[in-house]
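Visitor: Sequence and predicted model, in that order:
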Amino acid sequence: MIMRWHGLFALPIIFLCAVNQSQAYASTEPKAAFAFGVGATYSQLPDYLGSTVNQHYLLPFPYIVYQSDKIKVNQTEALGQLFQSGNWSLNLSLGGALPVNSENNPYRKDMPDLHWIAEAGPTLDYNIHHLANNELTLRLALRKAVATNLQHWQSVGWRFEPHLRWRKSLSNKVQFSSQLAAIWSTAQFHQYLYGVEQQYVNLQRTQYQADGGFSGWRLSSGLSWRYQQWWLGGFVRYDNLQQASYRDSPLVQRQHNVSFGIAFAWIFNQQGVIYEN
């Protein structure tokens with residue numbers, strides 16, 4: 001119940017963390033454009049990477065798109081541009097992860113719950129190739145991570161995520177994107193998710209102190225369709241933890257995770273020209 005209550009407010013973050021697949025093409029219009037709508041989504045996500053316990057979400061969510069020359073917000077990410085020169089741009093981006101009720105996960109039973117993880121930090125982007133309907137971007141993202149239950153806040157380290165992102169317009173209405181990422185995290189972040197303190201040791205769970213380092217590979221792809229006032233989107237994501245520094249944690253039951261989701265929305269208000277994902 002706790003997972004689903006928090007999930008209701010985290011639906012944009014579900015697609016932000018799990019898809020993180022595409023962003024709106026830069027507008028050449030000086031005036032901001034926006035679109036608002038409502039929709040529903042179904043997603044299947046693991047409690048955390050390496051977990052065999054999945055959560056299923058069937059929830060409403062707000063459809064929000066905002067585009068200006070400095071700010072971009074859509075169903076997959078929020079970006080604020082700080083600087084641009086040629087093919088390089090410096091942005092401020094957000095990310096996050098959903099909370100976990102440890103009582104609903106047999107491998108974490110009697111351990112503290114995992115709170116929301118909010119991430120924020122700069123991203124340095126290099127536009128490798130750009131055409132009207134085809135774009136390849138290198139992104140270097142560095143984010144500070146904070147765990148919170150909205151009453152207490154706890155620093156849980158840093159994340160570094162370089163990735164290649166390819167976006168292609170298959171038609172005026174259909175957009176495809178794919179992303180390959182490698183992720184590194186500090187020991188504090190890995191310990192929060194995968195560490196086991198002495199007081200939580202049992203017959204199935206040994207003590208474990210996590211190190212910083214490589215967090216795994218990620219490949220994700222998404223497809224979106226927009227027709228008049230209707231939007232439909234979906235994603236699939238694969239995570240590989242075979243070389244992850246925390247792979248020996250007793251909380252890691254598998255070294256491969258597959259996640260997916262689909263969502264649709266009715267757009268009831270739009271101003272200006274929206275450059276679709």
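Guide: Now that the structure is in, tell me what you want to look at.
Visitor: What is the least confident helix or strand in this structure?
Guide: Taking mean pLDDT, DSSP states H and E as the measure, helix 2-9 is the helix or strand of the chain with the lowest mean score, a mean of 33.
Visitor: ok, and the closest non-adjacent residue to Phe243?
Guide: Quick fix: residue 243 is Gln, not Phe. Excluding its sequence neighbours, the residue lying closest to Gln243 (CB to CB, 6 or more residues apart in numbering) is Phe214, at 5.7 Å. From N, CA and C alone the C-beta is placed, and that goes for glycine too.
Visitor: quick one: contacts for Lys70?
Guide: Residues in contact with Lys70 (CB atoms under 8 Å, 6 or more residues apart in numbering) are 80-81.
Visitor: Which pLDDT does the model give it?
Guide: On pLDDT, Lys70 comes in at 75.
Visitor: Indicate each strand paired with the strand or helix carrying Leu58 and its parallel or antiparallel sense.
Guide: Secondary-structure element containing Leu58, defined by DSSP states H and E: strand 54-67. Next to strand 54-67 in the sheet, as set by DSSP bridges, lie strand 33-46 (antiparallel), strand 71-73 (antiparallel).
Visitor: Redo these as a markdown table? Include distance to Gln55 and mean neighbour count.
Guide: Below are these laid out as a markdown table (distance: least, CB to CB, whole Å; neighbours: other CB atoms under 10 Å):
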| stretch | distance to Gln55 | mean neighbour count |
| --- | --- | --- |
| strand 33-46 | 6 | 18 |
| strand 71-73 | 25 | 18 |
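Visitor: For Gln270, find the nearest of the ones you listed.
Guide: strand 33-46 (4.1 Å; CB to CB).
Visitor: what are the C-alpha coordinates of that closest one, in PDB please?
Guide: C-alpha atoms of strand 33-46 as PDB (Å, rounded to 0.1, in the frame of the first residue of the first chain):
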ATOM      1  CA  ALA A  33       4.800  26.500 -25.500                       C
ATOM      2  CA  PHE A  34       3.000  24.100 -23.100                       C
ATOM      3  CA  ALA A  35       0.500  21.300 -23.100                       C
ATOM      4  CA  PHE A  36      -1.600  19.800 -20.200                       C
ATOM      5  CA  GLY A  37      -3.500  16.600 -20.000                       C
ATOM      6  CA  VAL A  38      -4.500  13.600 -17.900                       C
ATOM      7  CA  GLY A  39      -3.800   9.900 -18.500                       C
ATOM      8  CA  ALA A  40      -3.200   6.500 -17.100                       C
ATOM      9  CA  THR A  41      -0.100   4.200 -17.100                       C
ATOM     10  CA  TYR A  42       0.800   0.600 -16.400                       C
ATOM     11  CA  SER A  43       4.400  -0.200 -15.500                       C
ATOM     12  CA  GLN A  44       6.300  -3.200 -14.100                       C
ATOM     13  CA  LEU A  45       9.400  -2.200 -12.200                       C
ATOM     14  CA  PRO A  46      11.800  -4.100  -9.800                       C
END
